[in-house]
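Colleague: Model the following, please.
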Amino acid sequence: VFISGKPHSTGSSERIQLSGMYNVRKGKMQLPVNRWTRRQVILCGTCLIVSSVKDSLTGKMHVLPLIGGKVEEVKKHQHCLAFSSSGPQSQTYYICFDTFTEYLRWLRQVSKVASQRISSVDLSCCSLEHLPANLFYSQDLTHLNLKQNFLRQNPSLPAARGLNELQRFTKLKSLNLSNNHLGDFPLAVCNIPTLAELNVSCNALRSVPADVGVMHNLQTFLLDGNFLQSLPAELENMKQLSYLGLSFNEFTDIPEVLEKLTAVDKLCMSGNCMETLRLQALRKMPHIKHVDLSLSVIWIVMSLWIFFPLLELVQVDVYPVPNYLSYMDVSRNRLENVPEWVCESRKLEVLDIGHNQICELPARLFCNSSLRKLLVGHNQLARLPERLERTSVEVLDVQHNQLQELPPNLLMKADSLRFLNASANKLESLPPATLSEETNSILQELYLTNNSLTDKCVPLLTGHPHLKILHMAYNRLQSFPASKMAKLEELEEIDLSGNKLKAIPTTIMNCRRMHTVIAHSNCIEVFPEVMQLPEIKCVDLSCNELSEVTLPENLPPKLQELDLTGNPRLFLDHKTLELLNNIRCFKIDQPSTGDASGAPAVWSHGYTEASGVKNKLCVAALSVNNFCDNREALYGVFDGDRNVEVPYLLQCTMSDILAEELQKTKNEEEYMVNTFIVMQRKLGTAGQKLGGAAVLCHIKHDPVDPGGSFTLTSANVGKCQTVLCRNGKPLPLSRSYVMSCEEELKRIKQHKAIITEDGKVNGVTESTRILGYTFLHPSVVPRPHVQSVLLTPQDEFFILGSKGLWDSLSVEEAVEAVRNVPDALAAAKKLCTLAQSYGCHDSLSAVVVQLSVTEDSFCCCELSAGGAVPPPSPGIFPSSVNMVIKDRPSDGLGVPSSSSGMASEISSELSTSEMSSEVGSTASDEPPPGALSENSPAYPSEQRCMLHPVCLSNSFQRQLSSATFSSAFSDNGLDSDDEEPIEGVFTNGSRVEVEVDIHCSRAKEKEKQHLLQVPAEASDEGIVISANEDEPGLPRKADFSAIGTIGRRRANGSVAPQERSHNVIEVATDAPLRKPGGYFAAPAQPDPDDQFIIPPELEEEVKEIMKHHQEQQQPPPPPPLQPQLPRHYQLDQLPDYYDTPL
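Modeller: Okay, the predicted model is just below:
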């Protein structure tokens, strides 16, 4: 389409898509005669229009047709694109945009135009209520896609905009009007003589007019998802019609007109109202070779294609025997044996009887000369027929049975066998492929993962010289002889993970076609010679005992992934790291920060990802050990099925959205549901035609008790799921909403969506709740399934997995597989390896989070009857004490850490001093003789957990965390004139070690009667430590196990106890010693300069003061309560306090 002159109105023309004033240059960039000039640029329809006069729309306009052309990024100039037309007379314009936003907008829009064909127009999902006028500028269209709009038969529309104008396209071959609001059949399409494909699905049609009989060239007619009950007899005039879609209508019987449509060979009527099937009707249709009546109450069918999975069939009887049956799928039922008549079907090529309860296979089945593919996995087979005659089976899947051996002549008789999967059995040996040196084996793929095979089986592999894929992971191999590997020259992929191999044979260099080597979770000490392979793409040597890596001068040109994580002894120099960083995906453990000693963390995670057969990584994982700068964690797995964009967007965005929603509500279901709803909106245009499954797991404290037990909340859409291992048993925390869910199927039918033969909504997704795919709304929605559980000491770990993982492994099998794997990374690796060996070809992602919830972190005590106000933002540490975590306490809650060795850190600064913190081992001392007991009046009798012990009066109890402050200007944080150390503050050379409780102590109503005000102000030189910092204006309750500065008020603002305070140096000396750098590291003796010295001129005054205080040693009566107390302390806990003039 060419335009001479300018458009009538650049602002109002419907064909104007983008416009603006930009710097433009024409022709080749190398020519100096071409200069940059500012011009008006317009994207109009499928053309680029550039004005020839500066800053004006007058004069000649240069038109560049874009269809079939290209748009490219110009890297030498910022925000610059090159637009080129197609053909021998092609021209190029260079345009520099002012902003990156404009650059992206033009790039996306012009790319769509350039990729179009002049004969094809795609206006799907454009929210059209009528046909746009610019659609008719070219009437030579052959393909028109108008699906998922709001088109309807509306007489009030102008004649040029209604559906009746579709007949103007006299050359149209394909028309898609599905998922609109037509209501009535558009008669105009009957006047398009060239139409070969018509799709009017999901338009609430109740009848098909007789006029359709005039479309003699129609070959495909889709009427699915309507309210049809009958078809007109005139349909028999469509002699070329080969496919007729009638699924999800209201037919009660097979339409009689199908007897006359002899070109139709497939009957697609799933999801109708048929309760009985008249076999006489099928006999009148010999041309029908495939019958699909799924999702109907039909149990017996006679056809050339039987497809009845998921019906819980116990027995399938067909009489007479179908002589032309070629495909039979009765998987995922309850069959206990193979029907006898199946063995007599002489043309049966594919038999899928997997996921049943079959205990034995008839020997006659293997004698069927036409049988090519036999799938009997996930049954209860104890053995296969022993004496097999020659069989034509090419694909044999017997995984997940109870086979202890394979028939001795299986591999010799099955000389057509190309694929064998015997994973997840109890095999200890393999049958030979030949009894001589010559072999006829053409076996190419062999999967033997998760058996009990030993080194004796390896020599037998040489009988399969054409082997391309070999999976022998998780067996009992200790070595792989080099001479045997040398004979497998055609090998392309090998997986030997989970064995006890100490080396990969050097003869692997003979396998010149090798592209994938996976050998994680072994004992490999020497880096194999895999970098010498010219075709190598993926190498996984994680979780081994490598100490160094030997590399050639140049890396293999096709190497894309190298995983060396989980090798604690591995050391890489700077040169090696610099070379390896050129690999697209290079994984290695990060160096551990700080002292790694101490007790295990409450949670630690490991995750892995694996791309699918097309080498596209369509999954993503999320792991935040320290979520929202708090003692919380967030994990997620996202699966885009076949797209990369959506998982990446979810990985980058969902954690931020969840953090925002947590500020609005603490209810688990509310903030999780809101997170998914907001994420759906933020997907924007990417979520219109693309989608992805997601699962999020959030670990947090109890909202009422921030120091109490942990809650695990899981939310998921799609087939990404979570399972928790509790007492060794799986506890599913997710739900997959698919067609097998009765309530979802009912909802889908109400919205008249199509469920295709493979169980997908409109052939797009099998999940009815998933993120994205907004064009399928309201059939597909993003509302997640949310479930919360309170973590207990019986909880061992939980697993997050993508769709491919759970399609290959059951939750019971996944939990059992990794329960005894101590390392989270190795556990995640094992899950993905098992899934791949079990037949998964999709992208995979698995996250394993190991839990160590002790009794100390599982709170079972009652909530405060007084309704104490919780702090606004419960965290790992109180807001008044900021620290960087380098270590974990040995007797309490640890800091989460990933399995790759990265220590979680909370980085913050102390404004008045340099700060270094080490969380060390702590002990609990016995209370002094004068301390109050638990049954004293100040402490009413109540049952407390280990996390919230009853604090004793004047007792020195070391709690779970300690902070070490190093002051740059204050000696130990105290004045040198202070003669007594502060309780809870340890002087240790030039350091002050402060005792801090990270948990909240709850007071009862009775304790409120014994409260006393203590001012909390402090001078610039003093230190006041508060275990829990509340919001200003709220009353604060003291935690005596945390606040050591209780006692006499000092002149510098600090507070010290009186006579009954402990000698902290002696306590520290008696405590267990820790490693150097720990909490109790050889405390130094007090410096003589720190002793209390009285100047001569003040000696008399001090004596008078001391005498005065000795007279007031008797305890005074309790003073009255203050009306408003900024900070409360119990009366029995405090001696007298006073200010000293020193």
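Colleague: shaky segments in the stretch 1001-1142 of the chain?
Modeller: Within the stretch 1001-1142 of the chain, the stretches with pLDDT under 70 are 1001-1099, 1101-1102, 1109-1142.
Colleague: so what's the backbone phi/psi at D211?
Modeller: In terms of degrees, to the nearest 10, the main-chain angles of D211 are phi -60, psi -20.
Colleague: Please read off the pLDDT at it from the model.
Modeller: pLDDT for D211: 91.
Colleague: So, low pLDDT: which residues of the stretch 501-650 of the chain?
Modeller: Along the stretch 501-650 of the chain, segments meeting pLDDT under 70 span 592-600, 614.
Colleague: That one: helices as residue ranges?
Modeller: When assigned using DSSP state H, counting those that start in this stretch, the helices of the stretch 501-650 of the chain occupy the ranges 574-580, 645-664.
Colleague: possible to save these as JSON lines with distance to T170 and mean neighbour count?
Modeller: Just so you know, the C-beta spots here come from the backbone N, C-alpha and C atoms, and that holds for glycine as well. Formatted as JSON lines, the entries for the helices of the stretch 501-650 of the chain read as follows, by distance: least, CB to CB, whole Å; neighbours: other CB atoms under 10 Å:
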{"stretch": "helix 574-580", "distance to T170": "62", "mean neighbour count": "12"}
{"stretch": "helix 645-664", "distance to T170": "39", "mean neighbour count": "18"}
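Colleague: Could you list the domains of this structure?
Modeller: For the chain, the TED database gives the domain ranges 16-115, 118-153+164-264, 602-853.
Colleague: Need the winner for burial among these.
Modeller: By mean neighbour count, with neighbours taken as mean count of other CB atoms under 10 Å, domain 602-853 ranks first of the domains of the chain at a mean of 21.
Colleague: what's the span of that one from first residue to last?
Modeller: 6 Å (CA to CA, to the nearest Å).
Colleague: what's near enough to touch V208?
Modeller: Going by CB atoms under 8 Å, 6 or more residues apart in numbering, V208 touches 185, 223, 228, 231-232, 235.
Colleague: Looking at those residues, spot the one nearest S611.
Modeller: Distance to S611 across the contacts of V208 (CB to CB) is lowest for L223, with 39.4 Å.
Colleague: wait, doesn't the closest one sit right on L244?
Modeller: Yes: between L223 and L244 there is a contact under CB atoms under 8 Å: 7.4 Å.
Colleague: Compare the domains of the chain and report which one is nearest to A424.
Modeller: Among the domains of the chain, the nearest to A424 by CB to CB is domain 602-853 (7.0 Å).
Colleague: I'd like the next helix or strand past whichever helix or strand G687 is part of.
Modeller: With secondary structure defined by DSSP states H and E, G687 is part of helix 686-689. In the C-terminal direction, the helix or strand that comes right after helix 686-689 (DSSP H and E) is strand 691-701.
Colleague: quick one: strands adjacent to that next one?
Modeller: Based on DSSP bridges, the strands next to strand 691-701 in the sheet, each with its direction, are strand 633-639 (antiparallel), strand 710-717 (antiparallel), strand 771-772 (antiparallel).
Colleague: what would the ones you listed look like in a markdown table with distance to L261?
Modeller: Rendered in a markdown table, the data for these read as follows (distance: least, CB to CB, whole Å):
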| stretch | distance to L261 |
| --- | --- |
| strand 633-639 | 41 |
| strand 710-717 | 41 |
| strand 771-772 | 38 |
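Colleague: rewinding a little: please name whichever of the domains of the chain is nearest to N409.
Modeller: When these are ranked by distance to N409, counting by CB to CB, first place goes to domain 602-853 at 25.1 Å.
Colleague: The closest residue to P556 other than its chain neighbours and L577, how far apart?
Modeller: Counting by CB to CB, 6 or more residues apart in numbering, P556 lies nearest to I536, which is 4.8 Å off, once chain neighbours are set aside. Taking CB to CB, to the nearest Å as the measure, I536 and L577 are separated by 20 Å.
Colleague: Also L712?
Modeller: L712 sits 37 Å away from L577, taking CB to CB as the criterion.
Colleague: A486 now?
Modeller: The span separating A486 from L577 equals 33 Å under the rule CB to CB.
Colleague: what's the answer for G498, then?
Modeller: Counting by CB to CB, the gap from G498 to L577 is 28 Å.
Colleague: Same question for L420.
Modeller: The value you get for L420 to L577, if CB to CB is used, is 42 Å.
Colleague: ok, back up a step: out of the domains of the chain, which is closest to R332?
Modeller: Checking the domains of the chain against R332 by CB to CB gives domain 602-853 as the closest, at 9.6 Å.
Colleague: Counting neighbours, what do you get for R584?
Modeller: Here the neighbour count serves as a burial measure; for R584 (other CB atoms under 10 Å) it reads 9.
Colleague: ok, for it, nearest residue in space, not its chain neighbours?
Modeller: Taking CB to CB, 6+ apart as the measure, R584 lies nearest to Q560, with 4.9 Å between them; neighbours along the chain are not counted.
Colleague: Then V624?
Modeller: The spatial neighbour of V624 that comes closest, neighbours along the chain excluded (CB to CB, 6+ apart), is L634 at 4.3 Å.
Colleague: Restricted to strands, list the contacts of V208.
Modeller: In strands, defined here by DSSP state E, there are no members of the contacts of V208.
Colleague: need those residues in JSON lines with distance to T722, can you?
Modeller: Compiled in JSON lines, those are given as follows (distance: CB to CB, whole Å):
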{"residue": "F185", "distance to T722": "47"}
{"residue": "L223", "distance to T722": "41"}
{"residue": "L228", "distance to T722": "42"}
{"residue": "L231", "distance to T722": "47"}
{"residue": "P232", "distance to T722": "52"}
{"residue": "L235", "distance to T722": "50"}
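Colleague: Counting by contacts, list what the helix holding G687 packs against.
Modeller: For helix 686-689, the packing partners by 3 or more CB pairs under 8 Å, 6 or more residues apart in numbering; DSSP states H and E come out as helix 645-664, strand 771-772.
Colleague: Let's have the ones you listed in JSON lines, adding distance to L410.
Modeller: Putting the helices and strands packed on helix 686-689 into JSON lines (distance: least, CB to CB, whole Å) gives the following:
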{"stretch": "helix 645-664", "distance to L410": "41"}
{"stretch": "strand 771-772", "distance to L410": "46"}
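Colleague: closest to L825 out of the ones you listed?
Modeller: When these are ranked by proximity to L825, the top entry is helix 645-664, at 18.9 Å, counting by CB to CB.
Colleague: Show me what the closest one is packed against.
Modeller: Right, helix 645-664 is packed against strand 619-624, strand 633-639, helix 668-682, helix 686-689, strand 691-701, strand 771-772 by 3+ CB pairs under 8 Å, 6+ apart.
Colleague: what's in contact with the last one?
Modeller: To tie it back to what came earlier, the one meant is strand 771-772. The contact list for strand 771-772, computed with CB under 8 Å, 6+ apart, reads 646, 650, 676, 679-680, 683, 686-688, 690-694, 717-718, 782.
Colleague: Over to the third one?
Modeller: Helix 668-682 has contacts (CB under 8 Å, 6+ apart) with 649-650, 653-654, 657-658, 660-662, 664-665, 687, 694, 696, 698, 711, 713, 715, 717, 771-772, 774, 782-784, 786, 788.
Colleague: Repeat that for the fourth one.
Modeller: The set of residues external to helix 686-689 that reach it, using CB under 8 Å, 6+ apart, is 125, 645-646, 649, 680, 771-775.
Colleague: Swap in 10 Å and give it another go.
Modeller: By CB atoms under 10 Å, 6 or more residues apart in numbering, the surrounding residues in contact with helix 686-689 are 124-126, 148, 643, 645-646, 648-649, 679-681, 692, 764, 771-776, 782.
Colleague: give the contact list for the residue nearest to V624.
Modeller: The neighbourhood of L634, defined by CB under 10 Å, 6+ apart, consists of 622-628, 654-655, 658-659, 696-700, 713.
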